[in-house]
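> I'll drop the sequence and a predicted model, then ask my questions.
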Amino acid sequence: YKLNLGINYLLAHNYTFTPQYFLSTSQEASNDISQLNETFSRGLSLLVENTLNFNRTFGGHGIDVVAGYTYQRDEARSAGGVGSAFPSNDLRVLSAATDDTDIVGLVQENTLLSVLGRINYVYDRRYMVSATIRQDGSSRFAKTNRWGTFPSVSAGWRISEESFFPESALTNLKIRASYGILGSQNIGNYDIISGINILNNYNFAGVNSPTSSGSIIRQLANPTLIWETTKTTNVGIDAGFWNDKLTLTVEYFKKRSEDILTSLPIPLHGGLGNSLTSNAATIENQGFELQANYRGSSGSGDFRYQVGINLTTLNNNVVALGENVNPIIGGGISQSGVVATRTDVGQPVGAFYGYVIEGVYNSQADIDADGRLNAVLGDFNYLDINGDGQINSEDQRYLGDAIPDLTYGFNFSGSYKAFDFSLF
């Protein structure tokens, strides 16, 4: 049995005072109104881990079993205020502010409970099986959706330990496969309940009329939120040549994230904020990974070196965006609201979306031939994809994405007696 306790306690005092001063008539060299911003914060993070471990070897069999229960809680509270117009720069307390003082306060709490189990089995260094299951409960979800179950399993076969494996340059060979599900609770602590602002004043009869106090909803609730899940499949081969002087690993991976937790834009005319946290997407990544390493030394053994290369292919694809979810636009490139990316089904995440540029207008004759209104010399000449003689949103298309299809790397390290160096 093992007990692990972790406590992280934080106390913070944020204090910013901007005095009243005058150096010149320049706007940057004077400040007419002094201001104090002061906040006290306290944070507590508690972790309790209880685990039981059983390990036994008998004959050619080896078994390792772990069971555990964990409790994690985070709390944060802050209080402070902002005051302005102090009688003197030497009076730097909020109670001395002659203008209205804004009081601010914040409370954040969340709890995560987990029950887990794992079993590893090995037979004769040839056959390996591992299975894990865990159940997590998060206070960030409603009671009906609070718990999620996440299993995983893996297996391996070291073929080079079999009696039929021939003696050759290939001295180590292992095949392996795994499948697992992970959960994510990456949302705010209170996204399942509505946020209300209770300190609102409104002039129903005009600017100079008395104000009335009231409350407004500033955040819509989504009590149907569930755990985001990621399902990962891996199949790989590990090979070693000449007693692992040369090692080679080839692996296929597929990672599918479902019910992705994200903020979706909602119409501003609803008056209920500009986004809503939802389970709104399914994204899939798959590809291959290759890694090779070679190690060697000089005849005397004083100089040793290792050379390695790695290569990864990746295909990223949006499988679904959720019910009644429009393509998600982003990547703003101007203050006028022009955006450059779109996330849509059948495309990579954040694919570039826009007009195809054929060139620039070098003469008025080119502009007249295209019939472009308000175009001037030097403007981009956009491709009229649908051939209707106009350049509008119908002429936009996907232009690629920023996610690389192929990445690769090289590394070299060496040592000579008491000196060593590396290169990436």
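Yep, it's here.
> tell me who's in contact with the residue positioned nearest the centre of the chain.
Geometric centre of the chain, nearest residue: Asn186, 8.6 Å, by C-alpha atoms, centre = their mean. Contacts for Asn186 (C-beta atoms under 8 Å, 6 or more residues apart in numbering) come out as 228, 261. For every residue, glycine as well, the C-beta is placed using N, CA and C.
> for it, phi and psi?
Phi and psi for Asn186, reported as degrees, to the nearest 10, are phi -80, psi 70.
> ok, now Asn8?
The phi and psi values for Asn8, taken as degrees, to the nearest 10, are phi -130, psi 110.
> and Ala365, by the same measure?
Backbone torsions of Ala365, given as degrees, to the nearest 10, read phi -60, psi -40.
> how near is it to Ile357?
Distance, Ala365 to Ile357, by C-beta to C-beta, to the nearest Å: 19 Å.
> wait, is Glu394 part of a helix?
Yes: when DSSP: H, G, I helix; E, B strand; the rest coil is applied, Glu394 is found to be in a helix.
> burial count for the residue nearest to it when sequence neighbours are not counted?
Counting by C-beta to C-beta, 6 or more residues apart in numbering, Glu394 lies nearest to Asn386, which is 5.2 Å off, once chain neighbours are set aside. Neighbour count for Asn386, taken as other C-beta atoms under 10 Å: 10.
> next: Gly240.
Gly240: 19 neighbours (other C-beta under 10 Å).
> Ala29 versus the residue nearest to it when sequence neighbours are not counted, what's the distance?
Spatial nearest neighbour of Gly240, excluding adjacent residues (C-beta to C-beta, 6+ apart): Asn172 at 3.3 Å. For Asn172, the distance to Ala29 (C-beta to C-beta) stands at 73 Å.
> same for the helix or strand of the chain at the bottom of the mean pLDDT ranking, what does it pack against?
Each helix and strand of the chain was given a mean pLDDT (mean pLDDT, DSSP states H and E); the minimum falls on strand 195-202 at a mean of 75. Applying 3 or more C-beta pairs under 8 Å, 6 or more residues apart in numbering; DSSP states H and E, one finds that strand 195-202 contacts strand 212-219.
> which neighbouring elements make contact with the strand it packs on?
Strand 212-219 packs on strand 195-202, going by 3+ C-beta pairs under 8 Å, 6+ apart.
> the strand it packs on pairs with which strands?
strand 212-219 (antiparallel) (DSSP bridges).
> okay, buried residues for the next helix-or-strand element following the partner strand please.
For strand 212-219, the succeeding helix or strand toward the C-terminus, using DSSP states H and E, is strand 228-241. Neighbour counts over strand 228-241 (16 or more other C-beta atoms under 10 Å) mark 228-232, 234, 236, 238-241 as buried.
> strand 228-241 pairs with which strands, and in what direction?
strand 170-184 (antiparallel), strand 246-258 (antiparallel).
> next, format these as TSV and append mean pLDDT.
What follows is the strands paired with strand 228-241, written out as TSV (pLDDT from 0 to 100):
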stretch	mean pLDDT
strand 170-184	96
strand 246-258	97
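> who touches stretch 17-26?
So stretch 17-26 is contacted by 29-37, 86, 89, 92 (C-beta under 8 Å, 6+ apart).
> if we can go back for a sec, spit out the contact partners of the residue nearest to Gly240.
Going by C-beta under 8 Å, 6+ apart, Asn172 touches 158, 160, 238-241, 243-244, 247.
> do a quick rundown of the helices in the stretch 251-400 of the chain.
For the stretch 251-400 of the chain, the helices defined by DSSP state H, counting those that start in this stretch occupy 364-370.
> the strands in the stretch 251-400 of the chain, which residues?
Per DSSP state E, counting those that start in this stretch, the stretch 251-400 of the chain carries strands over the ranges 261-265, 275-279, 282-297, 303-313, 315-320, 328-332, 339-343, 351-354, 357-360, 380-382, 397-400.
> what lies in contact with the second one?
I take that to be strand 275-279. Contact with strand 275-279 is made by 187-188, 191, 220, 222, 224-226, 228, 259-266, 322, 325, as judged by C-beta under 8 Å, 6+ apart.
> from these, list just the buried residues.
By neighbour count, with 16+ other C-beta under 10 Å, those hold 187, 191, 220, 222, 225-226, 228, 259-264, 325 as buried.
> need those residues in JSON lines with distance to Pro404 and pLDDT, can you?
JSON lines is the format used below for those (distance: C-beta to C-beta, whole Å; pLDDT from 0 to 100):
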{"residue": "Ile187", "distance to Pro404": "29", "pLDDT": "93"}
{"residue": "Asp191", "distance to Pro404": "33", "pLDDT": "91"}
{"residue": "Leu220", "distance to Pro404": "37", "pLDDT": "84"}
{"residue": "Asn222", "distance to Pro404": "34", "pLDDT": "90"}
{"residue": "Leu225", "distance to Pro404": "32", "pLDDT": "95"}
{"residue": "Ile226", "distance to Pro404": "32", "pLDDT": "96"}
{"residue": "Glu228", "distance to Pro404": "25", "pLDDT": "96"}
{"residue": "Asp259", "distance to Pro404": "27", "pLDDT": "93"}
{"residue": "Ile260", "distance to Pro404": "21", "pLDDT": "93"}
{"residue": "Leu261", "distance to Pro404": "26", "pLDDT": "93"}
{"residue": "Thr262", "distance to Pro404": "23", "pLDDT": "88"}
{"residue": "Ser263", "distance to Pro404": "26", "pLDDT": "84"}
{"residue": "Leu264", "distance to Pro404": "27", "pLDDT": "81"}
{"residue": "Val325", "distance to Pro404": "27", "pLDDT": "76"}
